[in-house]
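S.K.: Got a predicted model here, sequence first, then my questions.
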Amino acid sequence: MSAILIKDKQVRRIFGANCAAREKLIKKLADVDGLNEGSTLLTRAAGRGDTHLMTLLLRHGANPDFRDWQETTPLEYAIGSGENSDVYVLIAFGANLDLADSDGLSPRARLKARTNLPKTLRMLIGMEY
């Protein structure tokens, strides 16, 4: 877990900023995996379906497998939100598809249980070749 805390004011600025401003604000962070109320910015972005912010954070070194205070990863939030583009981004940046959650289920298992996955995502998780 990160010991660096991100202030509420910083979080609001980053989520409310335009693309160029977000980049500058992220560069100023002491730790891109810093916590705010037990969550990282990447976890929050995944839960909100903010693909652009997720991509910026990952480019700046955010850990795609960082567990928040609920022991949940960004990939689990992205799967829960139903945003396939967020799932693609996290997988592209190395998110672990086999990292089991507190229920013992992996993101791969959760994705395989969904019926509406596009073919490319089914291929990425090993359902089709």
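M.R.: Everything's here; your move.

S.K.: Would you map the helices across the chain?
M.R.: 8-16, 19-27, 41-48, 51-59, 74-81, 84-92, 107-113, 119-124 (DSSP state H).

S.K.: what's the least confident stretch among these?
M.R.: Among those, helix 119-124 carries the lowest mean pLDDT, a mean of 84.

S.K.: Of the helices of the chain, which is nearest residue 65?
M.R.: Ranking these by proximity to residue 65 (Cβ to Cβ) places helix 74-81 first, at 7.6 Å. Any C-beta I mention is one placed from the backbone N, CA and C, and that applies to glycine too.

S.K.: Geometrically speaking, which residue is the centre of this protein?
M.R.: Centroid-nearest residue in the chain, with Cα atoms, centre = their mean: residue 74, separated by 3.2 Å.

S.K.: Residue 90 versus that one, what's the distance?
M.R.: Distance of residue 74 to residue 90, given as Cβ to Cβ, to the nearest Å: 6 Å.

S.K.: So for the two, which residues contact both of them?
M.R.: In terms of Cβ atoms under 8 Å, 6 or more residues apart in numbering, residue 74 and residue 90 are both contacted by the residues 46, 54, 64.
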